[in-house]
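Trainee: Kindly return the folded structure for what I paste below:
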Amino acid sequence: MIADDHAIVRAGASRLIKGEPDMEVVGEACHGGEVLERARKLRPHVLVLDISMPGISGIELVPELRRLLPTMQIVLFSMHRREVLLQQALREGVRGYVLKASAVEDILSAIRAVHKGQYFLSPEIETDMISGYLGRGQGKECDGLSERELEVLIMVASGLTTKQIAKKLFLSPRTVEKHRASFMQKLHLKNIYELIQYALQKGLILHS
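Mentor: Numbering: from 1, shown residues only. Just a heads-up that it's a prediction; the model follows:
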């Protein structure tokens, strides 16, 4: 389901999604009240939601949508790169955050990722998060990890696969696996559960 107050955006997103054999657009909405009504009736697997619609904004709708349809995944569609909005969205249980200025393929990747229970952030957002973390001087606390290892760690902890990480960072899957093995050894981590706990403790990812 697609929710955006601009008809041209809805039409473009709908056309893009309908071109995919594994996806179907079950409905559209143009304002907050309609989003709640249509989502309750149609019960989509994934909702692509504009973050700043008139009336009730997308970010304000998320808690109610999560309460009504806890199994529905949400991808926020936004013009904003502000970290505070992203953090709020993730805290509310949003798994996808795509910038409207991103490549059109990002929205398809986001839908597929969240449907599998994974996270998807536009590459620009991931870069902002990592740069901000390092810029605050916190990267020094990460037990000697390189910036690239930190990037891979965050993506692994966020649920991305080796193939997805390789594509985002323009690396080979083998190189991604080498970085993963390196930081697992440096941090004395035995499995993905311990990795996620480490990332949460360091503030590299947020509780969903």
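
Trainee: Domain boundaries for this protein, per the record?
Mentor: 2-133, 142-202 (the TED database).

Trainee: Adding mean neighbour count and mean pLDDT, write the ones you listed out as CSV.
Mentor: C-beta: built from backbone N, CA, C; applies to glycine. Converted to CSV, the domains of the chain look like this (neighbours: other C-beta atoms under 10 Å; pLDDT from 0 to 100):
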stretch, mean neighbour count, mean pLDDT
domain 2-133, 18, 88
domain 142-202, 17, 88
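
Trainee: Now do the strands in this structure.
Mentor: 2-3, 28-29, 46-50, 73-78, 96-99, 120-121 (DSSP state E).

Trainee: I'd like those strands as JSON lines, with distance to Ser146 appended.
Mentor: Below are the strands of the chain laid out as JSON lines (distance: least, C-beta to C-beta, whole Å):
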{"stretch": "strand 2-3", "distance to Ser146": "40"}
{"stretch": "strand 28-29", "distance to Ser146": "44"}
{"stretch": "strand 46-50", "distance to Ser146": "35"}
{"stretch": "strand 73-78", "distance to Ser146": "30"}
{"stretch": "strand 96-99", "distance to Ser146": "26"}
{"stretch": "strand 120-121", "distance to Ser146": "21"}
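
Trainee: among those, which is nearest Ala166?
Mentor: Nearest to Ala166, of all the strands of the chain, is strand 120-121, at 15.2 Å by C-beta to C-beta.

Trainee: wait, isn't Ser109 in contact with Tyr119?
Mentor: No. Counting by C-beta atoms under 8 Å, Ser109 stays clear of Tyr119, with 11.3 Å between them.

Trainee: how much space is there between Leu204 and Gln197?
Mentor: To Gln197, Leu204 is 11 Å away according to C-beta to C-beta, to the nearest Å.

Trainee: for the protein, what spans make up the helices?
Mentor: 7-18, 32-42, 58-68, 83-91, 104-115, 123-135, 147-157, 162-169, 173-186, 192-202 (DSSP state H).

Trainee: angle of the third one against strand 73-78?
Mentor: The reference is to helix 58-68. Relative orientation of helix 58-68 and strand 73-78, computed by axes from the mean of the first three to the mean of the last three C-alpha atoms, to 10 degrees: 170 degrees.

Trainee: The fifth one too?
Mentor: Taking the same axes, to 10 degrees, one finds helix 104-115 and strand 73-78 inclined to each other by 150 degrees.
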